[in-house]
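Colleague: Sharing a model that was predicted from the sequence below.
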Amino acid sequence: MINTKKFGEELKKKGFTFYSGVPCSFLKSFINFAINECEYVMATNEGEAVSIAAGASIGGKKSVVLMQNSGLTNACSPLASLIYPFKIPILGFVSLRGEQGLSDEPQHELMGQITTQMLQMMEIHWEYLSLDFEEALNQINRANGYIEQNQSYFFVVKKGTFEAEDLVRQEKKQSANLILQGKNKEDQLPARFDALKVINSLKDTHTIQLATTGKTGRELYELEDAPNNLYMVGSMGCINSLGLGLSLTRKDRDIIVLDGDGALLMRMGSMATNGTNSPANMLHILLDNNTHDSTGGQNTVSHNIDFVNIAASCGYTNATYIHNLVELEEQIKAWKQNKTLTFLYLKIAKGSKKNLGRPKIKPHEVKERLQVFLHD
Ligand SMILES: Cc1ncc(C[n+]2csc(CCOP(=O)(O)OP(=O)(O)O)c2C)c(N)n1
């Protein structure tokens, strides 16, 4: 077995201090170490954990994700279409429930057989974590080499790998909603492009704009391709978790997340994580057109959802319904004056700019450019 604390300390020496994940009993002791000794963000699902870790990585921290192999399936979208195209290095630990030859619950049987194949198929370098401490240290060095080359590296962790480590420092983060402003007049229903124009016109040298998958990113790119923009491709629903990881690691910057209703609904658990962690430098703007506009305008189910109340109950300090572009401008300016985790909701018109192009710059170039911007 590996001495969990010593192993974690070795990782810490290499700079791995930021963790996110969803628990597994095989990883219990290592997660306890991360909660006790490092920055650990408890995610609501494993894809969210990967996205949070990705945001932290962009922000300059070596980051780690922890998950059960049954949660690897939840993480496939950001593993395949976020960290791969953007070349974001993540160190992963995936438990191996359902290991062949060991008796385990029926739900782990198939996952036990396909865990390593799944990593392989997603072109993630991996190896089994050794139960021998000295060998495990060599493995950390090897993994770190890959991470420093912008490549992710995963360890598959068998039963009984980590020695017991107690949970000693678990705080219950309490975040309160202080401002809740619902709908009180007619909606102007501006075009998304016009809303983006307002948002973009207010950015300064501290602002990072993260745009959700599809036409939001494409319209922002068309408006202005700037080094402080990131256009999500694929991995729908992951942008606000990426924003959380970035906000937590770069408190010196203002992180503006531009979300879509379909995307937010896809991974709405992330709002609970955002509210709990409550980064004051994060402004989450939802542009709700009630449709999957990017894929042909099919209805989402957002017309039944009160996102402002959901944000408030998740612990966003400020959750405000915006009716028009004037209010949008006022609210962004107000947030800049008095930063708290804020959710702004704006209903927009369906449809998008005609003849909309796509970013010509590759995702990993967008990330590298953003990192240079963050460094300056
Ligand atoms: C995981 C995943 N599922 C589906 C898609 C395909 N897809 C791309 S954008 C989009 C619609 C997004 O809807 P919304 O967030 O409301 O934004 P809008 O298109 O209306 O701007 C879909 C379904 C994807 N990229 N990723």
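Modeller: Cool, got the structure.

Colleague: Surely residue 94 is within a strand?
Modeller: Yes. Per DSSP: H, G, I helix; E, B strand; the rest coil, residue 94 lies within a strand segment.

Colleague: Sketch out the low-pLDDT regions of the chain for me.
Modeller: Scanning the chain for pLDDT under 70 picks out nothing.

Colleague: of all the residues in it, which ones are close to the ligand?
Modeller: By the rule CB under 6 Å from any ligand atom, the part of the chain lying against the ligand is 77, 212-216, 234, 236, 260-263, 289, 291-295, 300. Every C-beta, even on glycine, is put in place using the N, C-alpha and C of the backbone.

Colleague: Give me the subset of these lying in helices.
Modeller: Among the residues of the chain next to the ligand, the residues falling in helices (DSSP state H) are 77, 215, 216, 261, 262, 263.

Colleague: want to throw those residues into CSV with neighbour count?
Modeller: CSV is the format used below for those (neighbours: other CB atoms under 10 Å):
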residue, neighbour count
77, 19
215, 24
216, 29
261, 26
262, 25
263, 25
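
Colleague: List just the nearest of these to residue 94.
Modeller: Distance to residue 94, by CB to CB, is smallest for residue 77 among these, at 15.9 Å.

Colleague: Just flag the most distant two among the ones in helices among the residues of the chain next to the ligand.
Modeller: Among these, 77 and 215 lie farthest apart (CB to CB), at 18.8 Å.

Colleague: May I see the buried residues of the one helix or strand residue 193 maps to?
Modeller: Per DSSP states H and E, residue 193 falls inside helix 192-201. Neighbour counts using 16 or more other CB atoms under 10 Å place 192, 193, 194, 195, 196, 197, 199, 200 of helix 192-201 among the buried residues.

Colleague: Excluding chain neighbours, what is closest to the last one?
Modeller: Nearest residue to residue 200, sequence neighbours excluded (CB to CB, 6 or more residues apart in numbering): residue 223, at 5.5 Å.

Colleague: Okay, and the beta partners of the closest residue to the ligand within the stretch 251-376 of the chain?
Modeller: Closest residue of the stretch 251-376 of the chain to the ligand, CB to the nearest ligand atom: residue 260 (2.3 Å). Here residue 260 sits in beta bridges with residue 287, going by DSSP bridges.

Colleague: what's around it, how many residues?
Modeller: 31 (other CB atoms under 10 Å).

Colleague: Same question for residue 135.
Modeller: 11.

Colleague: Any idea how far whatever helix or strand it lives in is from the middle of the chain?
Modeller: Using DSSP H and E, residue 135 maps to helix 133-148. Mean-position distance between helix 133-148 and its chain equals 25 Å (CA atoms, centre = their mean, to the nearest Å).

Colleague: buried residues in it?
Modeller: By 16+ other CB under 10 Å, the buried positions in helix 133-148 come out as 136, 137, 139, 140, 143, 144, 146, 147.

Colleague: Taking the stretch 51-200 of the chain, what residue is nearest to the ligand?
Modeller: Counting by CB to the nearest ligand atom, the stretch 51-200 of the chain gets nearest the ligand through residue 77, at 4.5 Å.

Colleague: what's the domain layout of the protein?
Modeller: 4-157, 179-375 (automatic domain parsing).

Colleague: Is it possible to get JSON lines of the ones you listed that adds distance to residue 163?
Modeller: Shown next, in JSON lines, are these (distance: least, CB to CB, whole Å):
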{"stretch": "domain 4-157", "distance to residue 163": "5"}
{"stretch": "domain 179-375", "distance to residue 163": "29"}
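
Colleague: Identify each buried residue in the host helix or strand of residue 114, please.
Modeller: With secondary structure defined by DSSP H and E, residue 114 is part of helix 109-121. For helix 109-121, a neighbour-count test (16+ other CB under 10 Å) marks 111, 112, 115, 116, 118, 119 as buried.

Colleague: Farthest-apart pair in these, please.
Modeller: By the measure CB to CB, 112 and 119 form the most distant pair in those, at 13.3 Å.

Colleague: Break down the stretch 151-300 of the chain into its strands, ranges please.
Modeller: Secondary structure of the stretch 151-300 of the chain (DSSP state E, counting those that start in this stretch): strands at 153-157, 179-181, 207-211, 229-231, 254-260, 282-288, 291-292, 298-299.

Colleague: of all those strands, which lies closest to residue 342?
Modeller: Per CB to CB, nearest to residue 342 of the strands of the stretch 151-300 of the chain: strand 282-288, 5.1 Å.

Colleague: Output that closest one as PDB - backbone C-alpha positions only.
Modeller: C-alpha atoms of strand 282-288 as PDB (Å, rounded to 0.1, in the frame of the first residue of the first chain):
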ATOM      1  CA  MET A 282     -17.200  35.400 -11.700                       C
ATOM      2  CA  LEU A 283     -20.200  36.900 -13.600                       C
ATOM      3  CA  HIS A 284     -22.400  34.200 -15.100                       C
ATOM      4  CA  ILE A 285     -24.700  35.600 -17.800                       C
ATOM      5  CA  LEU A 286     -27.400  33.300 -19.300                       C
ATOM      6  CA  LEU A 287     -28.700  34.300 -22.800                       C
ATOM      7  CA  ASP A 288     -31.900  32.300 -23.000                       C
END
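
Colleague: Centre of the chain to it, how far?
Modeller: Remark: strand 282-288 is offset 15 Å from the chain centroid, using CA atoms, centre = their mean.

Colleague: could you give the angle of that strand to strand 254-260?
Modeller: Counting by axes from the mean of the first three to the mean of the last three CA atoms, to 10 degrees, strand 282-288 lies at 20 degrees to strand 254-260.
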